[in-house]
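**Student:** Attaching a predicted model along with its sequence, questions to come.
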Amino acid sequence: MLDYVGLEADLSAEEKLIRDTAREFVAEEVAPDIADHYEAGTFPTDLIPEMGELGFYAPNLEGYGSPNVSERAYGLLMQELEACDSGLRSMASVQGALVMYPIHAFGSDAQKEEWLPALGQGEVVGCFGLTEPEHGSNPSGIETRAERDADGFVLNGEKTWITNSPIADVAVVWAKLTSDDGSPVRGFLVETDRDGVKTPKIEEKLSMRASVTGGIVLDDVRVPEGNVLPDVTGMKGPLSCLTQARYGIAWGAVGAARDCFETAREYQTERDQFGGPIARFQIQQEKLAEMATQITLAQLLAYRLADLKERGDLRPQQVSMAKRNNVRMARDQARVAREMLGGNGITTDYSPMRHMSNLETVYTYEGTHDIHSLILGEDLTGIAAFE
Ligand code: FAD
């Protein structure tokens, strides 16, 4: 596997073990069928509990059965999962960074005890409902409302583009609480079997096909007082979850690019044209050289992020830079790998075009490339170009 500047040498035994466990799981359990799932538009749901047993959901958290591994180990895990398919990494990202993290950071003791062990083991599936039909890049405009009633809250609204909603047991729903002191955003744990909840699947996707995506429709859904996340108010709630998930994406995208590179490199040495392997042509070698260089630079950025996160110094803007750069890099390099495979490159027999298509989603979700440009622009100039 590509590791041009010898990063392997700095890994601890635990980090290598976690990476190798994920690599082996992917090779044996997922890779053989991933193209079929991609074509069918399904996720291998039978693997969800096994992924839990292997510690793939938020292993970087502390307590409630979570092993509290290093941030680098967590990143390496995301890299191996996305080297197989962005849909596989999305499963682990959503369950861990977008569902377990907010319960861990902002939940009550009762919520943590009820949900964290079960989510960590993959006995239940969670989803994260922020985006709405009219509010994607501007989540502070969300219209989903929570009103107090005698026993708790009544929720009304609609979420869309929600990873895993059709297969989820519980949704973290971000809604505005109608109250005398404004409409602060609050997080609610909504069991999907409650009266008034619907989670229709979005069928027409051409990207991220091996991942289930849907909506969450809330029609007078009653939840008890104990279902609101007590320790966070305002956009800090959802945005801090997104920082966690974007960190994993910055690592994961490198995995997708690495798999494209390895596939293209192997093809170059095996495919003969004009009486020998196409790898002997300078144009092909230049493409491999550029790919290896771009992947290595993105890898270094991800490793640096891990060190900053480990010591508590990581700023969301630095995560924006890495998400923005590494996903664009992976998207560009997947396309180069695809072209290096000629006609075979457009089939599901090889991974680059599947990665390329998945990366269109990764480029768009968790803050589009443009939005991360604006976050960086504000950080660099002190002038906000958006609200
Ligand atoms: P829009 O916000 O309408 O943007 C359209 C275009 O306008 C983009 O190119 C954007 O960059 C650009 N644009 C918008 N505002 C500006 C600006 N101020 N300046 C310059 N350009 C701008 N959401 C969840 O809550 N939970 C999930 O689990 C989840 N999973 C997803 C899974 C998939 C497969 C997909 C596709 C999306 C998922 N999302 C999820 C939603 C995702 O986060 C949104 O699609 C994303 O935030 C963009 O919102 P939008 O699609 O409404 O695009």
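**Tutor:** That came through fine. It should be emphasised that the depicted structure is a prediction, and the values quoted were computed from it without experimental measurement.

**Student:** what residues does the chain put near the ligand?
**Tutor:** 94, 128-131, 136-137, 161-163, 208, 213, 361, 364-366, 368, 370-371, 374, 386 (Cβ under 6 Å from any ligand atom). For the C-beta atoms, the positions are set from N, CA and C on the backbone; glycine is no exception.

**Student:** from these, which would you call buried?
**Tutor:** Buried members of the residues of the chain next to the ligand, scored by 16 or more other Cβ atoms under 10 Å, are 94, 128-131, 136, 161-163, 208, 213, 361, 364-366, 371, 374.

**Student:** same question for the helix or strand hosting Ala171, mean pLDDT?
**Tutor:** Per DSSP states H and E, Ala171 falls inside strand 170-177. Computed over strand 170-177, the mean pLDDT rounds to 98.

**Student:** Please apply the same query to stretch 337-356.
**Tutor:** 98.

**Student:** show me the contacts for the residue in the stretch 51-200 of the chain positioned nearest to the ligand.
**Tutor:** Distances between the stretch 51-200 of the chain and the ligand by Cβ to the nearest ligand atom are smallest at Gly136, namely 1.9 Å. Contact analysis of Gly136 by Cβ atoms under 8 Å, 6 or more residues apart in numbering lists Trp161.

**Student:** And for the one 3 residues further on?
**Tutor:** Applying Cβ under 8 Å, 6+ apart, one finds that Pro139 lies in contact with Leu130, Thr131, Trp174, Met235, Pro238.

**Student:** my read: the first one touches Pro238, true?
**Tutor:** Yes. Leu130 is in contact with Pro238 according to Cβ atoms under 8 Å; the separation is 5.0 Å.

**Student:** what touches both of the two?
**Tutor:** Common neighbours of Leu130 and Pro238 (Cβ under 8 Å, 6+ apart) are Pro139, Trp174.

**Student:** Tell me which of the residues of the chain next to the ligand fall in helices.
**Tutor:** Among the residues of the chain next to the ligand, the ones falling in helices (DSSP state H) are Thr361, Thr364, Asp370, Ile371, Leu374.

**Student:** what sits against the fourth one?
**Tutor:** To tie it back to what came earlier, the one meant is Ile371. Here Ile371 is in contact with Ser137, Phe386 (Cβ under 8 Å, 6+ apart).

**Student:** what does the first one give?
**Tutor:** When contacts are counted by Cβ under 8 Å, 6+ apart, Thr361 is found next to Ser86, Ser207, Met208.

**Student:** Among those, which one sits closest to Gly343?
**Tutor:** Distance to Gly343 across the contacts of Thr361 (Cβ to Cβ) is lowest for Ser207, with 21.5 Å.

**Student:** ok, that closest one touching Arg354?
**Tutor:** No. In this structure Ser207 lies outside contact range of Arg354 using Cβ under 8 Å: 9.6 Å.

**Student:** out of those two, which sits in the more crowded spot?
**Tutor:** Set side by side, Ser207 and Arg354 show more neighbours around Arg354, with 28 against 18, by other Cβ atoms under 10 Å.

**Student:** How is the more buried one classified with respect to secondary structure?
**Tutor:** Classification of Arg354 using DSSP: H, G, I helix; E, B strand; the rest coil returns helix.

**Student:** Can you pull out the residues in contact with the lowest-mean-pLDDT helix or strand in the chain?
**Tutor:** Every helix and strand in the chain was compared by mean pLDDT, DSSP states H and E; the lowest is strand 66-67, with a mean of 94. Contact partners of strand 66-67, identified using Cβ under 8 Å, 6+ apart, comprise Gly55, Ala58, Pro59, Asn60, Met100, Leu116, Gly120.

**Student:** Generate a ChimeraX selection restricted to the buried entries among those residues.
**Tutor:** Applied in ChimeraX, the following selects the buried portion of these according to 16+ other Cβ under 10 Å:
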select :55,58,59,60,100,116,120
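
**Student:** Now flag whichever of the contacts of strand 66-67 is closest to Val69.
**Tutor:** The closest of the contacts of strand 66-67 to Val69 turns out to be Pro59 (Cβ to Cβ; 4.6 Å).

**Student:** Spatially nearest residue to the closest one, not counting backbone neighbours?
**Tutor:** Spatial nearest neighbour of Pro59, excluding adjacent residues (Cβ to Cβ, 6 or more residues apart in numbering): Val69 at 4.6 Å.

**Student:** so that neighbour, which of the three states?
**Tutor:** coil.

**Student:** quick one: it from Ile375, how far?
**Tutor:** 28 Å (Cβ to Cβ, to the nearest Å).

**Student:** just Asp169 next, same as before
**Tutor:** 33 Å.

**Student:** which of those two has more neighbours?
**Tutor:** Ile375 (21 against 16).

**Student:** which residues touch the more buried one?
**Tutor:** Pro316, Gln317, Ser320, Gly367.

**Student:** Find me the pLDDT at it, would you?
**Tutor:** Ile375 is given a pLDDT of 98.

**Student:** Gly182 now?
**Tutor:** Predicted confidence (pLDDT) for Gly182: 80.

**Student:** can you count the residues close to the nearest residue to Leu77 once chain neighbours are set aside?
**Tutor:** Using Cβ to Cβ, 6+ apart and skipping residues adjacent in sequence, the residue nearest Leu77 is Ala22, 5.1 Å away. Neighbour count of Ala22, defined by other Cβ under 10 Å: 26.

**Student:** mind listing what Ala22 touches?
**Tutor:** Contacts of Ala22 by Cβ under 8 Å, 6+ apart are Leu54, Phe56, Leu76, Leu77, Glu80, Leu81.

**Student:** wait, the last one sits on Gly87?
**Tutor:** No. Because the distance of 9.3 Å does not satisfy Cβ under 8 Å, Leu81 is recorded as not touching Gly87.

**Student:** Need the residues touching each of the two.
**Tutor:** Common neighbours of Leu81 and Gly87 are not found (criterion: Cβ under 8 Å, 6+ apart).

**Student:** Leaving out the residues flanking it, which one is nearest to Gln111?
**Tutor:** Leaving aside its sequence neighbours, Gln111 sits nearest to Ile103 (Cβ to Cβ, 6+ apart; 5.6 Å).
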